[in-house]
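K.L.:
Dropping a prediction and its sequence here:
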Amino acid sequence: MAGRAFDVVVWGATGFTGRLVAEHLARDYKTGVKWALAGRNQERLEKVRLDLSEQYGSELQEVPILLGDIKDQSSLDSIAAQTHVVLSTAGPFALHGTPVVDAAVRSGAHYVDITGETPWVKTIIDGYHEEAARKGLRIVPCCGFDSTPFDLGALLVVEHMKRLGKEPAKIMNVVMGSKGGVSGGTIASGMNAFAEMKSNPALASESSNVYSLVPPAARGGDGEFWGVQWSKELGQYLAPFVMQACNNRVVHRSAYLLNYTSSHEFRYQEAIAAKSWLAAKSVQLGTLAVVAAMSQTWLHPLLKKVLPAQGEGPTRDMMVGGNFKNRVLGWTKEEGGTAPTLVQAEVGDPHRDGGYWGTSRMLLEAALCLAQQQKELDASKELQKGGVLTPASAMGMLLVERLRKAGQTYKILE
Ligand SMILES: NC(=O)c1ccc[n+]([C@@H]2O[C@H](COP(=O)([O-])OP(=O)(O)OC[C@H]3O[C@@H](n4cnc5c(N)ncnc54)[C@H](OP(=O)(O)O)[C@@H]3O)[C@@H](O)[C@H]2O)c1
């Protein structure tokens, strides 16, 4: 990829999350990174650039703007051919994502995004995994809050077990606390995913399988957690976590690509901690109600009227006054009745939300890891060198290290 003009191009830079990615670049990477803003609308891109230059310095007026149109493949090819990494925040990805991945793979660029739409990720694996693997291109969807902290949290625990000479039997990723908001783009993507599954029962059935992102021959007998149960390890009740629908599938793909176990019997679940049985029951029923409402497509126009519109999202105070904290519980696999060892980790950020500030940072650090740390990535014996990958299988502990430097917590609790 020598001779490319940019390390990273931010595709979707006019959106709520794309603007945050550009802001991190403008504020924290004033030197050392060659980047460009990209999207479909020159005027809106110029406005983003002007806002950045007013806040972070007039030199930002020099940041190039690249125009593309998802209906004009050659325009996307031309953008992808100029950069080491295409970073995309232009969702819903099931609607707008495939031509961008196509451009990256054909033009020889790595790619990262923040989709949580795993049915779409499956189509990308089916369509591009082999070619990307052959070309040594890392195509990495799900680099936001869905699923980076969950995927890397599981990896952290598995790596610790390896140092103990053990492998995991089960990992439970528990959301202990989370404060933030939601954007119109996320709501639109969720609604689109439900609408697509309603119109395509085969897709819905395949997507309901936690192994939907791994080949059939590598599937075990795991499932999702939809109950309420007491956790003696945490001294709290557990209720279902709605984003398991994405994270669970991503972690299973990492387990497959990184060989977490010698068999396919690795179990993975996610939950939210609650202080009482009643609180856990309310979360469970509330989550089921949200899923039921989102699956009623006739309700979508009504919901759109009361929920944030595309381009809108949480206030700055909600993001920089937000937080997230996950506890990862991992039990080792033991033979002959020996009690498993419990390994625990904490993942989070005490000062920023996970959904937008955190997501935009996770995505940017993933892109820069691919752009700037290629030699270290290539030198790793475990990491995948190409294909449609996960944060853990593409960047592993190198990304953990970058996120720690960016202020996020990734630590084993001894
Ligand atoms: N994984 C996570 O944890 C996580 C967190 C946050 C968001 N997300 C996902 O990220 C995506 C973006 O969310 P958001 O709130 O930032 O959305 P948003 O504000 O609506 O931004 C969407 C972006 O996509 C662009 N876009 C839309 N249609 C396009 C088209 N046909 N051609 C080219 N560009 C197009 C928009 O450009 P214009 O300005 O020109 O319309 C805009 O830049 C959503 O899919 C959301 O679900 C995931």
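P.N.:
Sure, I can see it.

K.L.:
could you pull out the strands for the stretch 51-200 of the chain?
P.N.:
When secondary structure is read from DSSP state E, counting those that start in this stretch, the stretch 51-200 of the chain shows strands at 65-67, 83-88, 110-113, 138-140, 168-179.

K.L.:
Sort out which residues of the strand or helix carrying His300 are buried, please.
P.N.:
If you go by DSSP states H and E, His300 is part of helix 300-306. Residues of helix 300-306 classed as buried by neighbour count (16 or more other C-beta atoms under 10 Å): His300. Backbone N, C-alpha and C define where each C-beta goes, glycine included.

K.L.:
Quick check: next helix or strand after it?
P.N.:
Using DSSP H and E, the first helix or strand after helix 300-306 is helix 316-320.

K.L.:
Whichever helix or strand comes after that next one pairs with which strands?
P.N.:
Scanning forward in sequence from helix 316-320 by DSSP H and E, the next helix or strand is strand 323-332. Paired with strand 323-332 in the same sheet, following DSSP bridges, are strand 168-179 (antiparallel), strand 342-349 (antiparallel).

K.L.:
So for the ligand, which of those strands sits nearest?
P.N.:
For the ligand, the closest of the strands paired with strand 323-332 is strand 168-179, at 11.6 Å, according to C-beta to the nearest ligand atom.

K.L.:
gap between the closest one and the chain center?
P.N.:
How far strand 168-179 lies from its chain's middle: 16 Å, per C-alpha atoms, centre = their mean, to the nearest Å.

K.L.:
Could you export it as PDB, CA atoms only?
P.N.:
Extracted C-alpha coordinates of strand 168-179, given in PDB (Å, rounded to 0.1, in the frame of the first residue of the first chain):
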ATOM      1  CA  PRO A 168     -12.100 -21.100  28.800                       C
ATOM      2  CA  ALA A 169     -15.200 -23.200  29.400                       C
ATOM      3  CA  LYS A 170     -17.500 -20.100  29.700                       C
ATOM      4  CA  ILE A 171     -17.300 -16.400  29.700                       C
ATOM      5  CA  MET A 172     -20.100 -14.100  31.000                       C
ATOM      6  CA  ASN A 173     -19.800 -10.400  30.100                       C
ATOM      7  CA  VAL A 174     -21.900  -8.300  32.500                       C
ATOM      8  CA  VAL A 175     -22.800  -4.700  32.100                       C
ATOM      9  CA  MET A 176     -22.400  -3.300  35.600                       C
ATOM     10  CA  GLY A 177     -23.300   0.300  34.700                       C
ATOM     11  CA  SER A 178     -23.800   2.400  31.600                       C
ATOM     12  CA  LYS A 179     -24.800   6.100  31.200                       C
END
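
K.L.:
start at 593 instead
P.N.:
Sure, I'll start numbering at 593, so the last one becomes strand 760-771.

K.L.:
about what we covered before: tell me the most buried of the strands of the stretch 643-792 of the chain?
P.N.:
strand 702-705 (a mean of 31; mean count of other C-beta atoms under 10 Å).

K.L.:
just to revisit the earlier point, can you add distance to the ligand and mean pLDDT and give the strands paired with strand 915-924 back as TSV?
P.N.:
Listed next are the strands paired with strand 915-924 as TSV, based on distance: least, C-beta to the nearest ligand atom, whole Å; pLDDT from 0 to 100:
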stretch	distance to the ligand	mean pLDDT
strand 760-771	12	96
strand 934-941	13	98
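
K.L.:
Residue in the stretch 893-1006 of the chain with the shortest distance to the ligand?
P.N.:
Counting by C-beta to the nearest ligand atom, the stretch 893-1006 of the chain gets nearest the ligand through Gln902, at 3.4 Å.

K.L.:
Just the C-alpha atoms of the helix or strand of the chain with the lowest mean pLDDT, please, in CSV.
P.N.:
Lowest mean confidence among the helices and strands of the chain (mean pLDDT, DSSP states H and E): helix 892-898, at a mean of 85. In CSV, the C-alpha atoms belonging to helix 892-898 read as follows (Å, rounded to 0.1, in the frame of the first residue of the first chain):
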residue,chain,number,x,y,z
HIS,A,892,-41.7,2.5,13.0
PRO,A,893,-43.1,5.7,11.5
LEU,A,894,-44.7,6.5,14.9
LEU,A,895,-41.5,5.8,16.8
LYS,A,896,-39.5,7.9,14.4
LYS,A,897,-41.7,10.9,15.3
VAL,A,898,-40.8,10.7,19.0
